[in-house]
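Undergrad: Predicted model and sequence below, questions to follow.
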Amino acid sequence: MAKGIVVVVVALTVACEVAAVSLATDSAVVRVAYAVYAVTQAVAGALIVWRHPRHVIGWLLAGFALWNAAVSDAALAYGQRAAVNGWPLADLAQLTGLVSWIIAGAGLWALFVLFPDGRLPGRRWWVVPIGWAIGAALAIPGWSFNPALGSEFESGVNPFARDDLPTGPMFAVGAGLVGGSLVLSVLALALRFRRSRGVERQQIKWVLLAAGVLGVLLPVSSALWTTWPPIQVIVALTFPLLPIAACVALLRYHLYDIDLVVSRTVSWALLTVTLFGGYAAVVLMAGLVFASPASAALGALVVAVAFRPLRDRLQNAVDRRFRRARYEVRRAMSDFVDRVRRGEAAADDVEQALRSAVGDPDLELVLRPRSTYDIPPGRTALTAGPAIVIHRVEDSGLVADATNAGRLAIEIAALQGELRHQLTELTASRSRIVAVADEERHKIARDLHDGAQQRLIAIGLVLRHVQHRLRDSQSEDVSRDLDVSRDLDGDVSRDLDGAVAELTNSITELRSLAGGLRPAALESGLGAALRDLAARTPVTTTVRTTNERFRPDLEAVAWFVACEAVTNAVKHAQAAALTVEVSRDGDNLLVAIGDDGRGGAEIGRGSGLLGLSDRVLARGGTLTVHSPTGAGTRLEARLPCE
């Protein structure tokens, strides 16, 4: 039922405005502007009623829109046209339209005093409708019968004028009461705003913004109404702001940042006034020296140069007053970015800085965005350059401001995080390469031991067997040329002895090669492998090691470090004694090799230590070499056990 009624109200409003524009005898532009206002107000009221059928504000907007369209616009337009064409009821229609603004004013004070819930803020505010009723009762007759109203009639004379009534005082008192009611209604809305919280506060901000714009414009328009006709169109086009603000406040307040709207409106208004005043001052002062075109150009130049810095300063000042939360958030993040620039803060702390600025201890900054997110109820995600911010839904505006102000710190933190990730991936890949290489060495060692070495041993055994058979056959030889036979057998025996010796040397070298790839002693632990290494070293080598077992790959790296260090000491350092120490130092495996050689070793000099350093770094460890010239060398490798 309510929806049907409000649709009829909108349709009647549109019809009345079409009639008013068609019948108008004055400026069509002004009539169209007022028609837009009435239709906009009717639609705004209908939208509210459509969502909330019993909401007083919706019916208030729709009802007064129809009143303005039917009486203020259509009746007045008919009366003016009827006076020209001689149609009936011309004077009455004109009077009705000219007086209707007093009744229409009730729509304004009712909106302010009843918004947003449709109820008075308190019993004392009944003074507003009572004061308006008394004022209207005096203003309507005082205006209707006033001879001064004749200038508004087409004939130039008020046919209803009465000289026996104090119309002037009646209208003055009545208009004062009507205006006072309007002022009190705005005051009631302002006081309600001060006491309000949450949703109601955001809703009232919308109407106060529109009321503030009208409050500034109406006094200016009254001074320019007859001297500058375009002001009439501007006022007519500004009036729709009020019903639009009420509609948005009740239906869609959460979709828009009213604080941003207020801030931008105030700052641009101040900027316009300041620049216009500055332009006028420059032109007037320059006009005393230059010709008019030159002074105007100079004024334009000054305005162009001052625009950006002035806008920024005004915006900051307005934000400090009207968007305090935004101002504090931006200032906090700007201060943090400055500390990062000066090296007083780490970019990695940007998440904590965002949490403090916004006041959300659970805010999460994802520096390496994933394809999917588990976002808890009541929270949402905001893209901030190379990162994602997961935060409370109601903080969306503040988070956007905070991330914009802290964008540099976020990007630095993201770059550092990506670099750490790449380094981790690089270390992992190097570890995998070393592990594969160690496994290949182990495989080669097994193949040499189980394959070529065993076959060489088998060949040696066969040759020994042949040698023994030759000796046996020599004792049974009955040849006539016994001496010649003995000489031949001796030569063959010596050749076989030489072949067996060469095979023995080859087997020894293969064993050494296989042991160098990965000693079999490592299967029994790092200590056993190092003691085996010390036994094969041609200089005195002392081994002190822990009995603790470590991961196979870690023990292999430790053994290779010791093996390379011992080899270098024997070949290049001319050392007479070596010490190999293996111990656990917290979460690290510490391998230290010292010698009494000539020193002077450096990691970058030669490929041996450099390759050893790469192997240690691939396991996430560190390699240090202390080797003063003439004082021996101490090499330490620190390998993480985890």
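TA: Everything's here; your move. Numbers count the residues shown, from 1 in each chain.

Undergrad: got the CA positions of the helix or strand residue 565 falls within in CSV?
TA: Here residue 565 sits within helix 552-571, counting by DSSP states H and E. Output in CSV follows, covering the C-alpha atoms of helix 552-571 (Å, rounded to 0.1, in the frame of the first residue of the first chain):
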residue,chain,number,x,y,z
PRO,A,552,74.9,-37.8,6.9
ASP,A,553,75.1,-34.7,4.6
LEU,A,554,76.4,-32.6,7.5
GLU,A,555,79.1,-35.2,8.4
ALA,A,556,80.1,-35.3,4.7
VAL,A,557,80.6,-31.6,4.5
ALA,A,558,82.6,-31.6,7.8
TRP,A,559,84.8,-34.4,6.5
PHE,A,560,85.5,-32.7,3.2
VAL,A,561,86.4,-29.5,5.0
ALA,A,562,88.9,-31.4,7.2
CYS,A,563,90.2,-33.3,4.2
GLU,A,564,90.8,-30.2,2.1
ALA,A,565,92.4,-28.3,5.0
VAL,A,566,94.8,-31.2,5.8
THR,A,567,95.7,-31.6,2.2
ASN,A,568,96.5,-27.9,1.9
ALA,A,569,98.6,-28.0,5.1
VAL,A,570,100.6,-30.9,3.8
LYS,A,571,101.1,-29.7,0.2
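
Undergrad: Give me the average confidence score over stretch 537-552.
TA: Mean per-residue pLDDT for stretch 537-552: 87.

Undergrad: list the helices and strands the helix holding residue 565 packs on?
TA: In terms of contacts (3 or more C-beta pairs under 8 Å, 6 or more residues apart in numbering; DSSP states H and E), helix 552-571 is packed against helix 407-447, helix 526-536, strand 577-585, strand 588-595, helix 607-618, strand 633-640. (C-beta placed from N, C-alpha, C; glycine too.)

Undergrad: try it again with 6 Å
TA: In this structure, helix 552-571 makes packing contacts with helix 526-536, strand 588-595, helix 607-618, strand 633-640, judged by 3 or more C-beta pairs under 6 Å, 6 or more residues apart in numbering; DSSP states H and E.

Undergrad: could I get those as JSON lines with distance to residue 108 and mean neighbour count?
TA: Conversion of the helices and strands packed on helix 552-571 to JSON lines gives the following (distance: least, C-beta to C-beta, whole Å; neighbours: other C-beta atoms under 10 Å):
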{"stretch": "helix 526-536", "distance to residue 108": "92", "mean neighbour count": "19"}
{"stretch": "strand 588-595", "distance to residue 108": "80", "mean neighbour count": "22"}
{"stretch": "helix 607-618", "distance to residue 108": "78", "mean neighbour count": "17"}
{"stretch": "strand 633-640", "distance to residue 108": "76", "mean neighbour count": "21"}
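
Undergrad: Please report how far residue 192 lies from residue 115.
TA: Going from residue 192 to residue 115 by C-beta to C-beta, to the nearest Å gives 8 Å.

Undergrad: One more: residue 276?
TA: Between residue 276 and residue 115 the computed distance is 33 Å (C-beta to C-beta).

Undergrad: what about these two, which has more around it?
TA: Set side by side, residue 276 and residue 115 give different neighbour counts by other C-beta atoms under 10 Å, the larger being at residue 115 (29 against 11).

Undergrad: mind listing what that one touches?
TA: Residues touching residue 115, when contacts are defined by C-beta atoms under 6 Å, 6 or more residues apart in numbering, comprise residue 207.

Undergrad: if I look at it, how far off is residue 24?
TA: Residue 115 sits 32 Å away from residue 24 when distances are taken as C-beta to C-beta.

Undergrad: which strands and helices sit next to the strand or helix carrying residue 310?
TA: Here residue 310, judged by DSSP H and E, is contained in helix 292-322. Identification of packing neighbours for helix 292-322 by 3+ C-beta pairs under 6 Å, 6+ apart yields helix 258-287, helix 324-342.

Undergrad: The shortest one packs against which elements?
TA: For helix 324-342, the contact count by 3+ C-beta pairs under 6 Å, 6+ apart identifies helix 292-322, helix 350-358, helix 396-405, helix 407-447 as packing neighbours.

Undergrad: residues of it that come out buried?
TA: 325-330, 332-334, 336-337, 339-340 (16 or more other C-beta atoms under 10 Å).

Undergrad: Go through those and name the one nearest residue 295.
TA: Compare each of these with residue 295 using C-beta to C-beta and the shortest gap goes to residue 327, at 38.2 Å.

Undergrad: pLDDT wise, what is the closest one at?
TA: With respect to pLDDT, residue 327 has a value of 76.

Undergrad: same check, this time on residue 236
TA: The predicted local confidence for residue 236 comes out at a pLDDT of 80.

Undergrad: Am I right that it is in a helix?
TA: Yes: the assignment for residue 236, made by DSSP: H, G, I helix; E, B strand; the rest coil, places it in a helix.

Undergrad: quick one on the thing from earlier: can you pull the buried residues of the helix holding residue 565?
TA: 552, 554-566, 568-570.

Undergrad: any idea how far it is from the chain center?
TA: A distance of 51 Å separates the C-alpha centroid of helix 552-571 from that of its chain, computed with C-alpha atoms, centre = their mean, to the nearest Å.

Undergrad: how much does that helix deviate in direction from helix 526-536?
TA: Taking axes from the mean of the first three to the mean of the last three C-alpha atoms, to 10 degrees, one finds that helix 552-571 is oriented at 20 degrees with respect to helix 526-536.

Undergrad: Give me the contacts around helix 552-571.
TA: 435, 438, 522, 526, 529-530, 537, 575, 578, 580, 591, 593, 595, 597, 608, 612, 619, 635, 637, 639.

Undergrad: Keeping just the C-alphas, turn stretch 225-237 into PDB.
TA: These are the backbone C-alpha positions of stretch 225-237, laid out as PDB (Å, rounded to 0.1, in the frame of the first residue of the first chain):
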ATOM      1  CA  TRP A 225      18.800  37.900  -6.000                       C
ATOM      2  CA  THR A 226      17.900  40.900  -8.000                       C
ATOM      3  CA  THR A 227      21.300  42.100  -9.100                       C
ATOM      4  CA  TRP A 228      22.700  38.800 -10.500                       C
ATOM      5  CA  PRO A 229      19.900  36.500 -11.900                       C
ATOM      6  CA  PRO A 230      22.100  33.400 -12.300                       C
ATOM      7  CA  ILE A 231      22.100  33.100  -8.500                       C
ATOM      8  CA  GLN A 232      18.400  32.000  -8.700                       C
ATOM      9  CA  VAL A 233      19.400  29.000 -10.800                       C
ATOM     10  CA  ILE A 234      22.300  28.200  -8.500                       C
ATOM     11  CA  VAL A 235      20.100  28.200  -5.500                       C
ATOM     12  CA  ALA A 236      17.500  26.000  -7.200                       C
ATOM     13  CA  LEU A 237      20.100  23.500  -8.200                       C
END
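
Undergrad: Thanks a lot, catch you later.
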